[in-house]
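Enquirer: Requesting a structural model of the entry that follows:
(2 chains)
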2 protein chains.
Amino acid sequence: MTESSALLTDRYELTMIDAALLKGTHDRESVFEAFTRHLPAGRRYGVIAGTGRLLELIEDFRFGDAELDYLRDNAVVRAETLDWLADFRFSGTIRGYREGEVYFPGSPFLIVDAPFAEGVVLETLILSVFNYDSAVASAAARMVAAAAGRPLAEMGSRRANERSAVAAARAAYIAGFDATSNLEAGRTWGVPTMGTAAHAFTLLHDSEEDAFRAQVAAMGPGTTLLVDTFDVERAIETAVRVAGPGLGAVRLDSGDLPTLVRQVRAQLDRLGATGTRITVTNDLDEFTIAALSSSPVDSYGVGTSVVTGSGSPASGMVYKLVAHRDDHGAWVPVAKKSDGKPSIPGRKHPVRRLDAAGRAVAEVVHIVEAGDVPDDTGRDLLAPLISGGEIHREHLGPEGTRRAREHRASAMAELPDEAFRLGRGDPVLPTIFG
Amino acid sequence: MTESSALLTDRYELTMIDAALLKGTHDRESVFEAFTRHLPAGRRYGVIAGTGRLLELIEDFRFGDAELDYLRDNAVVRAETLDWLADFRFSGTIRGYREGEVYFPGSPFLIVDAPFAEGVVLETLILSVFNYDSAVASAAARMVAAAAGRPLAEMGSRRANERSAVAAARAAYIAGFDATSNLEAGRTWGVPTMGTAAHAFTLLHDSEEDAFRAQVAAMGPGTTLLVDTFDVERAIETAVRVAGPGLGAVRLDSGDLPTLVRQVRAQLDRLGATGTRITVTNDLDEFTIAALSSSPVDSYGVGTSVVTGSGSPASGMVYKLVAHRDDHGAWVPVAKKSDGKPSIPGRKHPVRRLDAAGRAVAEVVHIVEAGDVPDDTGRDLLAPLISGGEIHREHLGPEGTRRAREHRASAMAELPDEAFRLGRGDPVLPTIFG
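Expert: Numbers count the residues shown, from 1 in each chain, chains lettered A, B, ... in the order given. The predicted structure is shown next:
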């Protein structure tokens, strides 16, 4: 593990700089845009996450001696290029969708104005962060809608790369989850953490009762006891006997949940534990959460499906050069013409068109000249993230994460109701290039 | 980003230690095993990856002041437990499948002998590493089989979390990929890196010819030119004119590849560039690679599908307490009896049964007593990874990665031919508990 983020990069970003430096085109003023051509099949919207993490990674994007030695020893670039990399500090301007914003196909959610070499060197990092974090946030937002107000905890750390897990916990929180099992996400991003015990704790002890007594002794009767290690009915009886009717919660991690949850609720009520909550954690996703909507569940814990984007673990986001200045200072809009992968040349400025009631009706992507702001009464979707190399620090750390969670709530509130249907559908807003 | 890996952990691992310390059960000698109940649907085998990374993360698993402050400030555990965590160094023994080994449902690929608290505190980290790295290696191995000897490069960094990307590049290399685009994987794990230019490089310049000339000037005529930015046929003509018939390779990133590749090969041959290779990189997976087997492709670049496990981004691995000593020193085999999630109590010792020709015929998982080695002529699958707290350092770093890649090749060579069919099937070896 190293602190510099600079080698979290595809080799070709550096070889392009190498060749452009030789040609003298490396400092052509350029505009790069990040967007996706499609949402995952059947999804109606996506949620942007990763911005705050990205800005911190850009701050650490420095080619120090260790990085330069590797590049030199492996002849990745020429000596002149090593000098350029050694001096690299991002000096450009990045504007983008606020973290937590919803997005659609073609939404230009990040717009980078920089000399070509400075814009291209960040490509891999930008896409890595947004492709993963937004995949998690987009899946998590659907789970939050399915849970219809019941609290959700993210507990999928063990189903994701150990560092992805921290990003996933943060992205799920931004999308409306209430807590995570991941302690590093608590420390780094201020996400509330939760969790009490696994089956191993019960199995370690000579009896389930011993285990419950040990847990209640350490954590108090308000704790959550895991009741499906052996026999649920007997465990509930033991749990209430040990903790008293003030037992905080019981957790179910297996079985046919709709049936089991009703039985458990009835048993708890019979035992006087009417305030004891029921939390369920058995391989849930947005569909199984929705299927439990009429069951007396109090909260959900979600693992694999949220940290893997519920079937769509990467968001399909791309990062494209859309314009650059030529040697005479004129802006040249550009796009490749590859078969099946169209993109639209020229600098964009997106706004969300709202109706009189404040409901979103379209994603309007204006094609503009440098410095122009479109004459449009829609909500301006671009916020400053880095201006002339200076990071807007309100996006960073726990504070930025909290703001993103709030922004997600307000952006989601603008969407029409059909956005929240779980069945497959088209993007709920049309994207209009104008 | 912090150096300690200790908070890459679910909160409940620490609260279990907290309660066990109070009860005095934290130091009961215990055996934990990692395994999976199922392979991803239709897969015939899996490939273990992550071991070398895990051992380095365990070495960094230390609760320093920063970690302890967070836990104290958030009242995660009691003061006594903070003291225990502050002193924590893993003192146990871990044996497991060699990295690169193939595995099947029920294969106990990691066996941890340690006091309960020391075994449980590593659970999340162990599963995070193996669930992701093995998902990538298992998908990558199928792509390697489909490529039938043609070289493969991993280039999916932008489709995975920025740190996952490094692990993915390493796992794909272990599974038989030849190179990666990811520079950090090159530096940290010794994976060969590759890559030359993207469409942005062509679009930056006033003409495709200018771009090709700049690239050839920097990288020589042996470079790979990307030829599908505008019109492939014209680009090939330009490429050979600029670089000469000694042009190293052309890359195709779009279009109907079987048709296009034939046209490109014919055009290159007409132009005298008979040694110029063709590499293709357009959203490939094991199935599209197999479909190109009769096309004159020279190498493949694979992105999204390999870093996301080709539809199975987590391996479904779990980590279970299977035995512990009671207060009288007797070993107690344990397992939960939860509905639908069975596991088998007791310490295991796995061997791979081979026929007279050295072909694998079964995964045999013996249930043994502590210290016993089964009387079985099959290949012993357990290698020492950590002995009494001491890491076996041959598994670490680039050297460990190289050894894992070699072991993968020899383990795969034992498998029957039907293992390498891409269609859905059952695990190619039965797992026999005996």
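
Enquirer: Pop out the phi and psi values for A:V191.
Expert: phi -80, psi 130 (degrees, to the nearest 10).

Enquirer: That one: neighbour count?
Expert: A:V191 has 28 neighbours, counted by other C-beta atoms under 10 Å in any protein chain shown. All C-beta atoms are positioned from the backbone trio N, CA, C, and that covers glycine.

Enquirer: Check A:D69 too.
Expert: 12.

Enquirer: and what of A:N74?
Expert: Applying other C-beta under 10 Å, I find that A:N74 has 14 neighbouring residues.

Enquirer: got it, and A:A217?
Expert: 13.

Enquirer: can you tell me the helix or strand for the closest residue to it other than its chain neighbours?
Expert: Counting by C-beta to C-beta, 6 or more residues apart in numbering or on different chains, B:L22 is the residue found nearest to A:A217 once chain neighbours are left out, at 5.5 Å. Element membership for B:L22, per DSSP states H and E: helix B:11-23.

Enquirer: That helix: what's the following helix or strand?
Expert: Criterion used, DSSP H and E; the element after helix B:11-23 is strand B:29-36.

Enquirer: Neighbouring strands of the next helix or strand after that following strand in the sheet, and parallel or not?
Expert: Later in the chain than strand B:29-36, the nearest helix or strand by DSSP H and E is strand B:46-47. Note on strand B:46-47: by DSSP bridges, its sheet partners are strand B:102-103 (antiparallel).

Enquirer: what's the strand it pairs with in contact with?
Expert: B:36, B:45-48, B:97, B:109, B:134, B:363, B:408, B:411-412, B:415 (C-beta atoms under 8 Å, 6 or more residues apart in numbering or on different chains).

Enquirer: Could you list the low-pLDDT ranges of chain A?
Expert: A:1-2, A:339-341 (pLDDT under 70).

Enquirer: longest helix in it, by residue count?
Expert: Taking DSSP state H as the criterion, chain A has its longest helix at helix A:123-147.

Enquirer: do that helix and chain B meet?
Expert: Yes - against chain B, helix A:123-147 shows contacts by C-beta under 8 Å from any C-beta of the partner chain at A:E123, A:T124, A:L125, A:L127, A:S128, A:V129, A:N131, A:Y132, A:D133.

Enquirer: what angle separates that helix from strand A:29-36?
Expert: Relative orientation of helix A:123-147 and strand A:29-36, computed by axes from the mean of the first three to the mean of the last three C-alpha atoms, to 10 degrees: 30 degrees.

Enquirer: Which SSE is immediately downstream of helix A:123-147?
Expert: According to DSSP H and E, the helix or strand after helix A:123-147 is strand A:152-154.

Enquirer: tell me what that next one is packed against?
Expert: helix A:123-147, helix A:164-174, strand A:179-180, strand A:299-302 (3 or more C-beta pairs under 8 Å, 6 or more residues apart in numbering or on different chains; DSSP states H and E).

Enquirer: Just say which of the ones you listed is most tucked in.
Expert: Per-stretch averages of neighbours, counted by mean count of other C-beta atoms under 10 Å in any protein chain shown, single out helix A:164-174 among the helices and strands packed on strand A:152-154, with a mean of 32.

Enquirer: quick check: domain ranges of chain A?
Expert: As recorded under automatic domain parsing, the domains making up chain A are A:11-136+A:312-433, A:196-297.

Enquirer: and the helices and strands packed on strand A:152-154 as TSV, adding distance to A:V232?
Expert: Listed next are the helices and strands packed on strand A:152-154 as TSV, based on distance: least, C-beta to C-beta, whole Å:
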stretch	distance to A:V232
helix A:123-147	23
helix A:164-174	28
strand A:179-180	24
strand A:299-302	17
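
Enquirer: among these, which is nearest B:G220?
Expert: Among the helices and strands packed on strand A:152-154, helix A:123-147 comes nearest to B:G220, with 23.9 Å by C-beta to C-beta.

Enquirer: tell me which of the residues of helix A:123-147 next to chain B is nearest to A:R352?
Expert: A:D133 (21.0 Å).

Enquirer: excluding its backbone neighbours, what's nearest that closest one?
Expert: A:D133 sits nearest to A:G50 (C-beta to C-beta, 6+ apart), 3.4 Å away.

Enquirer: residues in contact with that neighbour?
Expert: A:E99, A:V129, A:F130, A:Y132, A:D133, A:S134, A:A167, A:A171.

Enquirer: I am finished for the moment; much appreciated.
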